[in-house]
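Enquirer: Okay, predicted coordinates and the sequence, questions at the end:
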Amino acid sequence: MATLKEPKSLLETTYLAKGTIGNVGMPGAPIAHFSVVVSTEQDTVSGIVEITQAIDRPTIKLNVAGRLRHTGYGDITQIIDLKGEYVVSMPPPAIGSYLEQFEAYLDVDKSWNGTGGFSFGFQKQNNVPVKSAN
């Protein structure tokens, strides 16, 4: 007769991951700061990304969601994709606003360190460091 396993608690299947995507310390480089909740049971990721840049631009904050995939080999054990959108207001004298897309990918180890990239508006950052802040 088979025995029933106790279901895992919510605390065993979810955790918080924080870090940065980008060339931190490079003047003018856009940096995506992420804080996401990871559900290992559902292989989903959701949270907040804040994009900063050391030039005269406002900080962009947006909600993101995505998927987590396990590779099962090598140093890169997780592949994460994130997507979201944010509102861009037209500068005067124009009137109005529109939605802009954000996408990111992370190829990381179990500590969330590795490489990745992100795009927003007309900017793309590829093959940049991903550093955990956990």
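Expert: Great, that's in hand. Numbers count the residues shown, from 1 in each chain.
Enquirer: Run the chain-centre distance for stretch 38-52.
Expert: 6 Å (Cα atoms, centre = their mean, to the nearest Å).
Enquirer: Pull the residues that contact that stretch.
Expert: Defining contact as Cβ atoms under 8 Å, 6 or more residues apart in numbering, one finds that stretch 38-52 is touched by 8, 13-17, 30-37, 59-70, 80, 82, 84, 102, 104, 118, 120. C-beta: built from backbone N, CA, C; applies to glycine.
Enquirer: Give the ChimeraX command for selecting the buried subset of those.
Expert: A single ChimeraX command selects the buried members of the contacts of stretch 38-52 (16 or more other Cβ atoms under 10 Å):
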select :17,30,31,32,33,34,36,60,62,64,66,68,80,82,84,102,104,118,120
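Enquirer: Looking at the contacts of stretch 38-52, which are in strands?
Expert: Among those, DSSP state E puts 14-17, 31-37, 60-70, 80, 82, 84, 102, 104, 118, 120 in strands.
Enquirer: Direction included, what does the helix or strand containing V88 pair against?
Expert: If you go by DSSP states H and E, V88 is part of strand 78-89. Applying DSSP bridges, strand 78-89 is found paired with strand 60-70 (antiparallel), strand 97-108 (antiparallel).
Enquirer: Could I get the buried residue list for the longest one?
Expert: So the one you mean is strand 97-108. 102-108.
Enquirer: Next, the contact list for F34, please.
Expert: 17-21, 47-49, 64, 82, 104 are the contacts of F34 under Cβ under 8 Å, 6+ apart.
Enquirer: Any idea how many residues pack against A133?
Expert: A133 is flanked by 11 other residues according to other Cβ atoms under 10 Å.
Enquirer: Can you verify my assumption that it contacts G19?
Expert: Yes. Counting by Cβ atoms under 8 Å, A133 does reach G19; the two are 4.8 Å apart.
Enquirer: just the CA coordinates of stretch 124-134, formatted as PDB?
Expert: The C-alpha trace of stretch 124-134 is given here as PDB (Å, rounded to 0.1, in the frame of the first residue of the first chain):
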ATOM      1  CA  LYS A 124      19.100  46.300 -25.400                       C
ATOM      2  CA  GLN A 125      21.700  44.900 -23.000                       C
ATOM      3  CA  ASN A 126      23.000  41.500 -23.900                       C
ATOM      4  CA  ASN A 127      25.500  39.200 -22.200                       C
ATOM      5  CA  VAL A 128      25.900  41.300 -19.100                       C
ATOM      6  CA  PRO A 129      26.500  40.200 -15.500                       C
ATOM      7  CA  VAL A 130      23.700  39.000 -13.300                       C
ATOM      8  CA  LYS A 131      24.700  39.500  -9.600                       C
ATOM      9  CA  SER A 132      22.700  38.200  -6.600                       C
ATOM     10  CA  ALA A 133      22.000  40.600  -3.700                       C
ATOM     11  CA  ASN A 134      20.700  37.800  -1.500                       C
END
